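Chemist: here is my input; please provide its structure:
(chains A and B)
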2 protein chains.
Amino acid sequence: MTTTTHETEITADERVPTIEIVREFDAEPDRVFRAHVDPELYRRWVGPHSLTTRIIKWDARTGGEWAFANDRDGEEIASFYGSFHEVRPDERIVWTFTYEGAPDGVSLETLTFERLDGGRTRLRGLSLVEDFETRDGILASGMDTGVREGYEKLDQLLATGAQR
Amino acid sequence: MTTTTHETEITADERVPTIEIVREFDAEPDRVFRAHVDPELYRRWVGPHSLTTRIIKWDARTGGEWAFANDRDGEEIASFYGSFHEVRPDERIVWTFTYEGAPDGVSLETLTFERLDGGRTRLRGLSLVEDFETRDGILASGMDTGVREGYEKLDQLLATGAQR
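Modeler: Got it, this is the predicted structure:
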């Protein structure tokens, strides 16, 4: 099996405290979307290679809530929670996101699934926080490794067709 | 009955696309907080004098969802929905907010209830959106009238002690 790995573009806006992440996938929008809302699929690809993800709550509908934890060698090292503000099938997910280690921090994340030629999808994620210090702290935390490695796992998941 | 009306400060930040609203109330934080999470109290004060509020969904807990509509003379003129990202009793509410007339717009709102001397509360609301155009459009919409008039109604509600 060969899997094409696309580049992940991570951009910090100069004017607003956002992080934009753009990535293409060799699968139709409905399959990339499903890999974000099905908790069994999501836990298989999200995050860096060094960690596993354990879903705690997952109600992927407009108005639903979610929570997951990251484990290393069976020990929890971080947990996260939030709400699904909007789940618009195959098009858009808007959710809130808090790392429990920084309980006053909240980001608002909008994912859009754009159909491209050839059965491909462009996924755009925009994370918005309330100040530049918080945004720059997230960028400096090494989150880019988790994002890139997670999307490599998602490429593989989509290539196997396991989710059809 | 006399009710003191405090000034409502509404500030647009120059650096980030936020609107900050600061207002004092002559009541303890737990009572001001309760007027935000109890749907029967909330509908009685929120919004301008010209409209009434009808609660559609209201699950004021971390991870819950909400929706309400505004009516004029019995006709619905606007509706809104979102999620309670966090409800921290007597201290903080973080929620998302979408006006159904602009379904791709989302704001992330953080309310903090700060205890002041003399049984008073300073309420701070910070609304964050993803760009300055959206923020300035909200400011230009006349939202300030609804905020000021709503808080006048909240002053009266708190003064009557109806919610004790």
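Chemist: low-scoring pLDDT stretches of chain A, where are they?
Modeler: Residues of chain A that meet the criterion pLDDT under 70 lie in A:1-4, A:162-164.
Chemist: mind running it again at 50?
Modeler: Across chain A, the ranges flagged by pLDDT under 50 are A:164.
Chemist: so which residue is dead centre in it?
Modeler: A:V46 (6.5 Å; Cα atoms, centre = their mean).
Chemist: so it makes contact with A:G150?
Modeler: Yes. The criterion here is Cβ atoms under 8 Å, and A:V46 meets it with A:G150 at 5.0 Å. No exception for glycine: its C-beta is placed from N, CA and C like everyone else's.
Chemist: how far away is A:R54 from chain B?
Modeler: 18 Å (Cβ to the nearest Cβ, to the nearest Å).
Chemist: can you list the residues of chain A near chain B?
Modeler: Counting by Cβ under 8 Å from any Cβ of the partner chain, chain A comes close to chain B at A:15-18, A:57, A:62-65, A:81-86, A:92, A:94, A:96, A:98, A:104, A:106, A:108, A:110, A:126, A:128-132.
Chemist: show me where chain A has helices.
Modeler: Ranges of helices in chain A, per DSSP state H, are A:29-37, A:39-45, A:132-140, A:143-160.
Chemist: quick one: these as CSV, columns for mean neighbour count too.
Modeler: Shown next, in CSV, are the helices of chain A (neighbours: other Cβ atoms under 10 Å in any protein chain shown):
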stretch, mean neighbour count
helix A:29-37, 20
helix A:39-45, 17
helix A:132-140, 15
helix A:143-160, 18
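Chemist: now do the strands in chain A.
Modeler: Under the criterion DSSP state E, strands of chain A are mapped to A:8-12, A:18-25, A:52-58, A:65-72, A:75-88, A:92-99, A:107-116, A:120-128.
Chemist: sort out which residues of the third one are buried, please.
Modeler: If I follow you right, that is strand A:52-58. For strand A:52-58, burial by neighbour count (16 or more other Cβ atoms under 10 Å in any protein chain shown) applies to A:T53, A:W58.
Chemist: just the CA trace of that strand, in PDB.
Modeler: In PDB, the C-alpha atoms belonging to strand A:52-58 read as follows (Å, rounded to 0.1, in the frame of the first residue of the first chain):
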ATOM      1  CA  THR A  52      -2.700   7.100  22.400                       C
ATOM      2  CA  THR A  53      -6.200   8.800  22.700                       C
ATOM      3  CA  ARG A  54      -8.900   7.600  24.900                       C
ATOM      4  CA  ILE A  55     -12.400   9.000  24.300                       C
ATOM      5  CA  ILE A  56     -14.300   9.900  27.400                       C
ATOM      6  CA  LYS A  57     -17.400  11.600  25.900                       C
ATOM      7  CA  TRP A  58     -18.300  12.000  22.300                       C
END
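Chemist: good, we can wrap up now.
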